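*Asks:* Everything below, folded, please.
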Amino acid sequence: MRRHILLLALGLSPALGWSPALAMSVAPAQAGSTTDTPSALPPADRAAIQGVIQNQIGAFGRHDDAAAFAYASPGIQSQFGDAATFGAMVRRGYQPVYLARRVHFGALLAVHGRTVQKVELIGPDGVPSLAFYFMERERDGTWRIDGCIIAPARAEGT
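*Replies:* Residues are numbered from 1 along each chain as shown. Below is the predicted model:
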């Protein structure tokens, strides 16, 4: 139910082909972390968020699971335990992220108090997808990825 609410809040429909198998765990913000309203974030934070996502996608493209795992939030790291397990999960269910041909950053959104970066991807098969990255600001001020939902990109006008 929670994922359906998140999808609807993001303007998506579960009927578009989204399935729980394609949704990385969307963990609640860790105790002590802060959440910012995207419209209030300064350009440096927006650039940092995009940099974290771009760096993780780049690490996956180099098949460097350890580097990619370093961009995940402490909660995600705890959930998967190690870089190999995390990388295997992404390879299985997140091919558009793991082997992205093209990445375009869209709007920075606020969803239920969470900072979410919309990313348009072209996967290795040439099929467009949307990724919604849930971001978490850590106590040291850095940003980490706290979950991702992949959905098919809708054709314009539909």
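
*Asks:* Three-state assignment for the residue nearest the centre of the chain, please.
*Replies:* A centroid search over the chain (CA atoms, centre = their mean) returns residue 133, at 2.4 Å, as the residue closest to the centre. Secondary structure, DSSP: H, G, I helix; E, B strand; the rest coil: residue 133 is strand.

*Asks:* Confirm for me that it is in contact with residue 57.
*Replies:* No: Residue 133 lies out of contact with residue 57 (CB atoms under 8 Å); the separation is 10.0 Å. (C-beta placed from N, C-alpha, C; glycine too.)

*Asks:* ok, now which ones touch the residue nearest to the centre of the chain?
*Replies:* Going by CB atoms under 8 Å, 6 or more residues apart in numbering, residue 133 touches 49, 53, 116, 117, 119, 145, 147, 148.

*Asks:* Of these, just say which sits nearest to residue 126.
*Replies:* residue 119 (16.8 Å; CB to CB).

*Asks:* Is the closest one in a helix, a strand, or coil?
*Replies:* strand.

*Asks:* elements contacting the lengthiest helix in the chain?
*Replies:* For the chain, the longest helix by residue count, based on DSSP state H, is helix 43-61. Helices and strands touching helix 43-61, by 3 or more CB pairs under 8 Å, 6 or more residues apart in numbering; DSSP states H and E, are helix 65-70, helix 95-98, strand 102-111, strand 114-122, strand 128-137, strand 143-152.
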